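Trainee: Build me a model:
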Amino acid sequence: MPASMSSTGPNRSFTLAADRLREVAASIDQSRFAARLDPLLSLPTLGRLQRSVRLQGRLVELLLGSEVDVSGADWNEDPLLGHDPRRAALIAGSIWHARSVLKLVSRHDLSILVEMIGAEAHAFGVRHLSSAVATTPILNPEQLSRQIEYDGHACLGAWLQEASSLDRIRVLLRLPVGTAAENPAAEHRSAAGPLLSLVVAHLDTESART
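Mentor: Residues are numbered from 1 along each chain as shown. As a prediction, the model looks like this:
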């Protein structure tokens, strides 16, 4: 009996690691694969490579690089609980620019903003006006949406700098190459903690309901 139990632990760990590798491979943004493999590869070809069970482990190892020992990694839930990092960034960015979000009241401007950042991010920013960071108003809805996306991604990237290498890379790989998450500024590092705490608490509540 003890021998049987001792053999179960490693097998279970191996299965968990293999499952996590498949999850990571399936969630990686295709621009990341293209950048490392060949920018000329078509999206259908990248999709087939990404779904190949035989190649998934090697592809993830390639993208994780030397910072992470895949075989010995601690494959816990990632910091965003598996949620879309762009969604988290838009919510954080909407809080950052909540004062401007609240000032957009015309139906035309509001419809443009909501179409670009989503109703969830818009509502979350309005609800958390007291946590807003930006003080300079942006009244153009398209410009505002771009700044929300930029500052939200930068906050996400700054927040991830406090995470382990594995957790940080797993989230960043789900974003396209070149977002502000890759190069946050000092102002984002100082504000990221409180904003992302609100975002993660919101995502955690949603996960608990499902």
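
Trainee: Quick one: neighbours of Leu37, just the number.
Mentor: When neighbours are counted by other Cβ atoms under 10 Å, Leu37 registers 15. In short, each C-beta sits where N, CA and C put it, glycine included.

Trainee: wait, doesn't it sit right on Gln50?
Mentor: No. With contacts defined as Cβ atoms under 8 Å, Leu37 does not count as touching Gln50, sitting 10.5 Å away.

Trainee: Quick check, central residue of the chain?
Mentor: Pro85 (2.0 Å; Cα atoms, centre = their mean).

Trainee: Kindly report the domain assignment for this structure.
Mentor: Following the assignment in automatic domain parsing, the chain carries domains at 2-67, 85-209.

Trainee: Quick check: mean pLDDT of the shortest one?
Mentor: Regarding domain 2-67, the rounded mean pLDDT is 69.

Trainee: With the longest one instead?
Mentor: The average pLDDT within domain 85-209 is 94.

Trainee: Any idea how far it is from the middle of the chain?
Mentor: Relative to its parent chain, domain 85-209 has a centroid offset of 11 Å by Cα atoms, centre = their mean, to the nearest Å.

Trainee: Burial check on the nearest residue to Phe33 once chain neighbours are set aside, number of neighbours?
Mentor: When the adjacent residues along the chain are set aside, Phe33 lies closest to Leu46, with 5.1 Å between them (Cβ to Cβ, 6 or more residues apart in numbering). Residue neighbour count, defined by other Cβ under 10 Å, stands at 19 for Leu46.

Trainee: Which strand or helix spans Leu46?
Mentor: Under DSSP states H and E, the secondary-structure element containing Leu46 is helix 43-51.

Trainee: returning to what we had before: how far away is the residue nearest to the centre of the chain from Ala191?
Mentor: Distance of Pro85 to Ala191, computed by Cβ to Cβ, to the nearest Å: 17 Å.

Trainee: what's the residue nearest to Phe33 in contact with, if anything?
Mentor: For Leu46, the residues meeting the contact criterion (Cβ atoms under 8 Å, 6 or more residues apart in numbering) are 30, 33-34, 37.

Trainee: Make JSON lines out of the residues you listed and add secondary structure.
Mentor: Output for the contacts of Leu46, formatted as JSON lines (DSSP: H, G, I helix; E, B strand; the rest coil):
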{"residue": "Gln30", "secondary structure": "helix"}
{"residue": "Phe33", "secondary structure": "helix"}
{"residue": "Ala34", "secondary structure": "helix"}
{"residue": "Leu37", "secondary structure": "coil"}
